[in-house]
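**Q** Please find the sequence and the predicted model below.
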Amino acid sequence: MYFRLLPKVGGHAFVDPSGKTVFLKASEGVVIESEVDLFKLFPNKFERVEAPAGPASAPVGPSPVSPLGRDVTQRFPLAVEHGFKVFADGGAFVVVEADDPGVVLHEKPLKRKDVGSFITGYIGS
């Protein structure tokens, strides 16, 4: 099955078969091949599309959403207070909503020092 991230849903992250965390932005128009129905797994986040002419841009195995790293939410009281989760993978930090952890709320990984200001800006918008 093939899927594309819908506009205005932020981003989506998964670990590709090589073990690398991949961040998708809807504006890129990337088509993902997945054995898992992303349309059902993440309602209002993906659309089903026809098979692309060439190989899919980002093939995904049976587990399209893998851990985004270590859960370090407790280090960020603002995240806890406002219902976010924060994951760290090396020096890269990812912020997601606690009730929708499959959707990354920003386009690029954050540095530790930027997590608090990102959350403040996000809740202020």
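**A** Thanks, I have the structure now. Numbers count the residues shown, from 1 in each chain.
**Q** thought residue 85 was touching residue 102?
**A** No: assessed by CB atoms under 8 Å, residue 85 is found out of contact with residue 102, at 11.0 Å. Every residue, glycine included, has its C-beta placed from N, CA and C.
**Q** what's the overlap in contacts for those two?
**A** By CB atoms under 8 Å, 6 or more residues apart in numbering, residue 85 and residue 102 have these common neighbours: residue 96.
**Q** Can you give me the neighbour number for residue 96?
**A** Residues within reach of residue 96, counting by other CB atoms under 10 Å, total 23.
**Q** Nearest residue to it in space, please, no chain neighbours.
**A** residue 85 (5.2 Å; CB to CB, 6 or more residues apart in numbering).
**Q** Mind listing the strands the helix or strand where that neighbour lies pairs with, and their directions?
**A** Using DSSP states H and E, residue 85 maps to strand 84-89. Strand 84-89 sits in its sheet next to strand 70-71 (antiparallel), strand 92-97 (antiparallel), going by DSSP bridges.
**Q** how far is it from where the chain is centred?
**A** Mean-position distance between strand 84-89 and its chain equals 11 Å (CA atoms, centre = their mean, to the nearest Å).
**Q** where are the low-confidence patches of this protein?
**A** The model of the chain has pLDDT under 70 over residues 9-10, 14-22, 24-29, 52-67, 125.
**Q** redo that, cut-off 50
**A** 59-65 (pLDDT under 50).
**Q** Now do the buried residues in the lengthiest helix in it.
**A** For the chain, the longest helix by residue count, based on DSSP state H, is helix 112-124. For helix 112-124, the neighbour count (16 or more other CB atoms under 10 Å) marks 115, 118, 119 as buried.
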